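*Asks:* Everything below, folded, please.
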Amino acid sequence: MKIKLCGIRRHEDITFLNEFQPDYAGFVFAGQKRRVSPEAAADLAKKLRPEIGRVGVFVNEPPKSVARTVQLAGLNVVQLHGDETAHEIEILRKLLPEIEIWKAVRVRNRESIPAALGLGANLLLLDSFSKDEYGGTGKTADFSLIREANLNVPFFLAGGLNCDNLEGPVRELSPYGVDISSGIETDGVKDRRKIEQIMRILRGFGKVGI
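*Replies:* All right, here's what the predicted structure looks like:
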């Protein structure tokens, strides 16, 4: 199972990630709470262990702007967390042929996941729905809708996961990976102890990073 720890914005965060070695580090280029500039992300990414993938989280950003940030920050993956279309993903593929594209789905109803499957992303990241925010709300996703979708493609599970609530959904839904942000924070900043707890729990489901 893959592990992505998202909302990385401090040098201390990089120290924690280098110590516990998740598969991916997420840098957010949208919103306010965890947003970093492309320049700050580039500086942080240089200090990250090379085997940890660099994921950029974007919301309704023009493809050319996404491509500039990818190149500046040295990203491996683009995670689209807004209302991006299949056409926009196609443009990104032409601009960034070597980069993986993930599409976040705010699971609102039974149509949410099937609609996203046709967008042409490498994989889906299933998150909670909020009418006010595109992500990072700390609210859990509707696991019943994910269960009903009966997906036979790789997906990440996201949305309010923490050390107290993730074991059940992970066992039941068998995601390809999990994405955690607020669940490894205390008072809005990344917490080493919580990262250690999360990594220990998830590594119990099998070898990480294969």
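*Asks:* From now on I want contacts and neighbour counts done on CA atoms only, so please keep to that.
*Replies:* OK.
*Asks:* now the strands for this protein?
*Replies:* 2-6, 24-28, 53-58, 77-80, 100-106, 123-127, 155-157, 177-180, 185-186, 189-190 (DSSP state E).
*Asks:* in this structure, what secondary structure element scores lowest on mean pLDDT?
*Replies:* One helix or strand of the chain scores below all others by mean pLDDT, DSSP states H and E: helix 143-149, with a mean of 83.
*Asks:* Other residues contacting it?
*Replies:* Helix 143-149 is touched from outside by 107, 109-110, 113-114, 126, 169, 173, with contacts defined as Cα atoms under 8 Å, 6 or more residues apart in numbering.
*Asks:* Put the buried members of the residues you listed into a ChimeraX selection.
*Replies:* Only the buried entries of these go into this ChimeraX selection, using 16 or more other Cα atoms under 10 Å:
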select :107,113,126,169,173
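*Asks:* Roughly how far does the residue nearest in space to the middle of the chain sit from residue 82?
*Replies:* A centroid search over the chain (Cα atoms, centre = their mean) returns residue 179, at 4.9 Å, as the residue closest to the centre. Relative to residue 82, residue 179 is positioned 17 Å away (Cα to Cα, to the nearest Å).
*Asks:* Helices along this structure, start to end?
*Replies:* 11-20, 38-46, 63-73, 86-95, 112-117, 143-149, 167-173, 192-203 (DSSP state H).
*Asks:* Of the strands of the chain, which is nearest residue 69?
*Replies:* Residue 69 lies closest, by Cα to Cα, to one member of the strands of the chain: strand 53-58, at 8.3 Å.
*Asks:* just to revisit the earlier point, buried stuff in the least confident helix or strand of the chain?
*Replies:* So, applying 16+ other Cα under 10 Å, buried residues of helix 143-149: 143, 145-146.
*Asks:* Same check on stretch 184-196?
*Replies:* In stretch 184-196, counting by 16+ other Cα under 10 Å, buried: 184-185, 189-192, 194-196.
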